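# any chance you can model this:
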Amino acid sequence: MKFYIFTENKFLVFLHGFPDSAASWRYYMDALSRDGYYCLAPNQRGYSKSSKPNGVKNYDLDILVSDIVSFLDKKVGPNTKGTDRHIVTKLINAINVN
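Numbers count the residues shown, from 1 in each chain. Here you go, the predicted model:
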């Protein structure tokens, strides 16, 4: 995982899809960090060197979303006031979670 910390109020988390890994975002993260964004890209469940639990049920959408929420809570803190948080993903893998 690559971390850039330049500011506390502009936060981006990059989520890769199949068959990529967090490394697929490195050029975007490099450019955006120079513009003052705090960028994080985790390897998601089942990819690269992340955990790979057995069974399809371990990859349900609610579990994958929970992984990201937990990750954000640990890295940035829950409900951080004054922080703009944005998720960046590839359009083909995008899911509306409103």
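# and after the lowest-mean-pLDDT helix or strand in the chain, which helix or strand comes next?
Of all helical and strand segments in the chain, the minimum by mean pLDDT, DSSP states H and E falls on strand 3-4, at a mean of 40. The helix or strand immediately downstream of strand 3-4 is strand 10-15, counting by DSSP states H and E.
# elements contacting that next one?
Where contact means 3 or more Cβ pairs under 8 Å, 6 or more residues apart in numbering; DSSP states H and E, strand 10-15 is packed against helix 26-34, strand 38-40, helix 61-75, strand 84-89. Where C-beta positions appear, they are placed from N, C-alpha and C, glycine not excepted.
# and those: which comes nearest Lys10?
For Lys10, the closest of the helices and strands packed on strand 10-15 is strand 84-89, at 5.7 Å, according to Cβ to Cβ.
# next, the angle helix 26-34 makes with that closest one.
Interaxial angle, strand 84-89 versus helix 26-34 (axes from the mean of the first three to the mean of the last three Cα atoms, to 10 degrees): 160 degrees.
# strand 84-89: which residues count as buried?
Val88 (16 or more other Cβ atoms under 10 Å).
# now for it, which elements pack on it?
strand 10-15.
# what about the residue nearest to Tyr47 when sequence neighbours are not counted, distance to Leu61?
Leaving aside its chain neighbours, Tyr47 sits nearest to Ser21 (5.4 Å; criterion: Cβ to Cβ, 6 or more residues apart in numbering). For Ser21, the distance to Leu61 (Cβ to Cβ, to the nearest Å) stands at 20 Å.
# neighbour-wise, which of these two wins?
Taking other Cβ atoms under 10 Å, Ser21 and Leu61 do not tie; Ser21 has more neighbours (16 against 9).
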